[in-house]
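Asker: okay, sequence plus prediction incoming.
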Number of protein chains: 2
Amino acid sequence: MTPTVDAERFRERFDAFNEIGATERGGVNRPSLSPANRAARDRLVEWFEAAGLDVTVDEMGNLFGRRAGAADSLAPVLFGSHVDSQYNGGRYDGVVGVLGALEVVEALDDAGVETERPLEIVAWSNEEGVRFQPDMLGSGVFTGTFDVEYAYEREDGDGRRFGEELERIGYRGAAPCEPRDIHCYFELHVEQGPYLDERGLRIGVVEGVYGFSWVNAAFEGSADHAGPTPMHLRHDALVATSDVVRSVRRIAGTEGTDLVGTVGSIDAHPNSINVIPERVEFTLDLRSYDDEVVDAAVERVRKEVEWAAEREGVAWEFEEIMRIDADPFAAECIEAVERAARSVLGDGDYARLVSGAGHDATYLNDLCPTGMVFVPSVDGISHVEEEYTEWEDVVAGTEVLLHAVVEKANE
Amino acid sequence: MTPTVDAERFRERFDAFNEIGATERGGVNRPSLSPANRAARDRLVEWFEAAGLDVTVDEMGNLFGRRAGAADSLAPVLFGSHVDSQYNGGRYDGVVGVLGALEVVEALDDAGVETERPLEIVAWSNEEGVRFQPDMLGSGVFTGTFDVEYAYEREDGDGRRFGEELERIGYRGAAPCEPRDIHCYFELHVEQGPYLDERGLRIGVVEGVYGFSWVNAAFEGSADHAGPTPMHLRHDALVATSDVVRSVRRIAGTEGTDLVGTVGSIDAHPNSINVIPERVEFTLDLRSYDDEVVDAAVERVRKEVEWAAEREGVAWEFEEIMRIDADPFAAECIEAVERAARSVLGDGDYARLVSGAGHDATYLNDLCPTGMVFVPSVDGISHVEEEYTEWEDVVAGTEVLLHAVVEKANE
């Protein structure tokens, strides 16, 4: 018997899960280590155990469910995602990948299929990074990017530490969180962008993740009175900043590359209606799948900052605070996902694409061969309560995950 | 004997006064109704009484010192300014006008000069408006623009009310604060702009005050993820705002008028490094001595807001929250100040100008003929600890005030 996703069972479980922390406008509010996040974890443990999985919670609160393989000493195939949410976020982000992984296991059980390698499904801790920064903290420790002590010391806006809050909700587990031998990793996720939806595609075969640069920049001029100060004597930090915002839009929109650029955060001082802005601090987010394009964009925007400062007679600051290279996934995993997509949909309803956003898979790719399956985000909308994916696409994505997992688990 | 300012006595008093609330960087921190503002008021009462003045505190905390005239039932000549400061503001703003008024009285006493009309010197409450808005609250009630109850209900950022705080520091006086018969009003003040300093002038004969419009505006787009959202699908409220900031600079700098324009305050939401700004709120301050120029500028910027919203595919808001017409002072007072300036400096070291900033004199001009004397602000700097005026210019300005007051007080 060929294992198949049970769309109705999956849907019932998805709806029941999203009653936890449900918001009035149809989203969920389950930020990392909140009471609703604990309730969501409790539900997962219950369902993992009901599915006969061997449940482990590690010292980062990452939650694993293991299904034995015929050759159980081989390295496992790992797959999953996360269930923490943005504040008032959507129902699909992360949840689709964790409950989809559970559905894969149950479909195999229904069909009486045993794989050679053991399977492990996972829900990673603190993927969103809205309460504790940085994001993807659970998978970052698991893959050796951060150590546990660093993670435990992260503080939220109220000064509460990740380690203490994890202990408080009862999910500071005993198992070490550290790199171990994994055969490969797969993650099913909503696209969080409009690529698939715009083209009427149902599955994205993810080739890798954009690299990016984050920059903190500032201008500093003079806080003169908005009345008596003539225009030619002004040193207005906001005018200089506006030049840079325009430059970022122009550079990203017109250079024939895949570059996207955003000024997301801006703070002006003294921020008063009748005082010329003395100091403006702002951020840059520059992304491309080509690291040289990011390099060139950072240098170009740095020049634009210098030019704007010179025009306006203000001082400038420009500091790159994070730089992540583009991260191509393993060819063997991309091809496994693509074979699975062709098998599920036939030709034409899927396409290869690159992810603009980071995922737990980005860190896992440092540890083991990794691949991702995307399903469409309607209108490209994500991180808000209106986030939506057609259920038949969630089911198709889970079928693709199932096929890819089984192929790799029998290697 | 001709009455003359005693530059040394005045300087000693000025320095002693500015020890109250002195900051490490050479400024003063005496915001409205603060402990330092109370101490400054106590010192004024002490000095007013020592100068033989009849002291009155009205229900707004405005502080008057009266010197009898030969025909004491005639309407008085009123002159003064304010002693509340910006947070970490300068030593000259307001103080020069109040202590200069006291010096005028003492110079008359030294010379044994009696005027026909009584003289009143005044320190107005809450001119700066940094703790309680609106600014110029004491003179605004005195001239009938606001009523006392409205003023008492004004709250600071911590929810404390003006009336209660005035009571707490002991300056809620018994005398009614309401319009009464005033022969004319003069105010000596630092320019707070670079006009005089740029031209090497020592005295400004103020012809009037710029009119202005204050606007609250906003754009609202979509808070999409800065990674997966391609440039052509963005609705970025900050890009639209930057267009408007550039437009304001261009319109104010290039239309051949005296218009000045400022975007002083900006707030972005969610203000996150990797999220496209969904909503940006910002302010406009547009000023000219010609009300039609302000009208045209408001309409032009409103159009720029509409065009920017259309280009970016975002919603827009635009609300004028305050509109003050240009305020020409009384010809008789302007001429009296000009005669005084010519008498003190001879030709060449003074000029007529218009004030870009509002002053208590703006409200007094609604009640009685009003004039102002400006002394230079070095580099046009004001509202900061570095604010500076050459002492010989303060003395010259006080001499001009003395001459103008004596001329009008003998009418």
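Answerer: Cool, the structure landed.
Asker: mean confidence for stretch A:39-48?
Answerer: Averaging the model's pLDDT scores along stretch A:39-48 yields 98.
Asker: now do that stretch: distance to the chain's middle.
Answerer: Chain-centre distance of stretch A:39-48: 22 Å, with CA atoms, centre = their mean, to the nearest Å.
Asker: so which bits of that stretch are buried?
Answerer: Buried residues in stretch A:39-48, counted by 16 or more other CB atoms under 10 Å in any protein chain shown: A:Ala39, A:Ala40, A:Arg41, A:Arg43, A:Leu44, A:Val45, A:Trp47, A:Phe48. (C-beta placed from N, C-alpha, C; glycine too.)
Asker: could you list which of those belong to helices?
Answerer: Of those, the ones assigned to helices by DSSP state H are A:Ala39, A:Ala40, A:Arg41, A:Arg43, A:Leu44, A:Val45, A:Trp47, A:Phe48.
Asker: show me the contacts for the residue at minimal distance from the centre of chain A.
Answerer: Residue closest to the mean C-alpha point of chain A, counted by CA atoms, centre = their mean, is A:His359 at 3.5 Å. Applying CB atoms under 8 Å, 6 or more residues apart in numbering or on different chains to A:His359 gives the contacts A:Ser81, A:Glu127, A:Met136, A:Glu187, A:His189, A:Val209, A:Met372.
Asker: likewise A:Ala404?
Answerer: So A:Ala404 contacts A:Phe186, A:Cys333, A:Ala336, A:Val337, A:Arg339, A:Ala340, A:Gly371, A:Val373 (CB under 8 Å, 6+ apart).
Asker: my guess is the third one contacts A:Thr370. True?
Answerer: No - A:Ala336 lies out of contact with A:Thr370 (CB atoms under 8 Å); the separation is 10.8 Å.
Asker: and these two? which has more neighbours close in?
Answerer: Neighbour count, other CB atoms under 10 Å in any protein chain shown: between A:Ala336 and A:Thr370, A:Thr370 has more, with 28 against 24.
Asker: beta-bridge partners for the more buried one, please?
Answerer: Using DSSP bridges, the bridge partners assigned to A:Thr370 are A:Tyr185.
Asker: and the helices in the stretch 201-350 of chain A?
Answerer: Counting by DSSP state H, counting those that start in this stretch, the stretch 201-350 of chain A has helices at residues A:237-254, A:291-312, A:331-345.
Asker: what's the longest one packed up against?
Answerer: Counting contacts by 3 or more CB pairs under 8 Å, 6 or more residues apart in numbering or on different chains; DSSP states H and E, helix A:291-312 is packed against strand A:211-220, helix A:237-254, strand A:279-288, strand A:315-324.
Asker: and the contacts of it?
Answerer: By CB under 8 Å, 6+ apart, helix A:291-312 touches A:211-213, A:215, A:217, A:219, A:221, A:234-237, A:239-241, A:243-244, A:247-248, A:251-252, A:257-259, A:261, A:284, A:286-288, A:315-316, A:318, A:320, A:323, A:325-326.
Asker: same thing with stretch A:316-325?
Answerer: A:211-220, A:240, A:291, A:294, A:298, A:302, A:305-306, A:308-309, A:358, A:362.
Asker: report the buried members of those residues.
Answerer: A:211-220, A:240, A:291, A:294, A:298, A:302, A:305, A:308-309, A:358, A:362.
Asker: how far does stretch A:141-161 stretch from one end to the other?
Answerer: With CA to CA, to the nearest Å as the measure, the first residue of stretch A:141-161 is 16 Å from its last.
Asker: show me which positions of that stretch end up buried.
Answerer: Applying 16+ other CB under 10 Å to stretch A:141-161 flags A:Val141, A:Phe142, A:Thr143, A:Thr145, A:Phe146, A:Val148, A:Ala151, A:Tyr152, A:Arg154, A:Asp156 as buried.
Asker: secondary structure class for the nearest residue to the fifth one once chain neighbours are set aside?
Answerer: Right, the one you point to is A:Phe146. Using CB to CB, 6 or more residues apart in numbering or on different chains and skipping the chain neighbours, the partner closest in space to A:Phe146 is A:Gly140 (4.6 Å). With DSSP: H, G, I helix; E, B strand; the rest coil as the basis, A:Gly140 sits in helix.
Asker: OK, contacts around A:Gly140?
Answerer: By CB under 8 Å, 6+ apart, the neighbours of A:Gly140 are A:Pro134, A:Phe146, A:Ala151, A:Tyr363.
Asker: now A:Leu402: how far from chain B?
Answerer: Distance from A:Leu402 to chain B, counting by CB to the nearest CB, to the nearest Å: 25 Å.
Asker: ok, that residue touching A:Val5?
Answerer: Yes - counting by CB under 8 Å, A:Val5 is a contact partner of A:Leu402 at 6.5 Å.
Asker: overlap in contacts of those two?
Answerer: Residues touching both A:Leu402 and A:Val5 (CB under 8 Å, 6+ apart): A:Val104, A:Ala107.
Asker: so between these two, which is more surrounded?
Answerer: Counted by other CB under 10 Å, A:Leu402 and A:Val5 do not tie: A:Leu402 has more neighbours, with 27 against 23.
Asker: helix or strand for that one, which one?
Answerer: Using DSSP states H and E, A:Leu402 falls within helix A:391-409.
Asker: give me the mean pLDDT for that helix.
Answerer: Average pLDDT, helix A:391-409: 98.
Asker: list the buried residues of that helix.
Answerer: In helix A:391-409, counting by 16+ other CB under 10 Å, buried: A:393-409.
Asker: between helix A:331-345 and that helix, find me the angle.
Answerer: Orientation check (axes from the mean of the first three to the mean of the last three CA atoms, to 10 degrees): helix A:391-409 against helix A:331-345 gives 130 degrees.
Asker: show me how far helix A:391-409 is from its chain's centre.
Answerer: That offset, for helix A:391-409, works out to 20 Å (CA atoms, centre = their mean).
Asker: one more: stretch A:128-141?
Answerer: With CA atoms, centre = their mean, you get 10 Å for stretch A:128-141.
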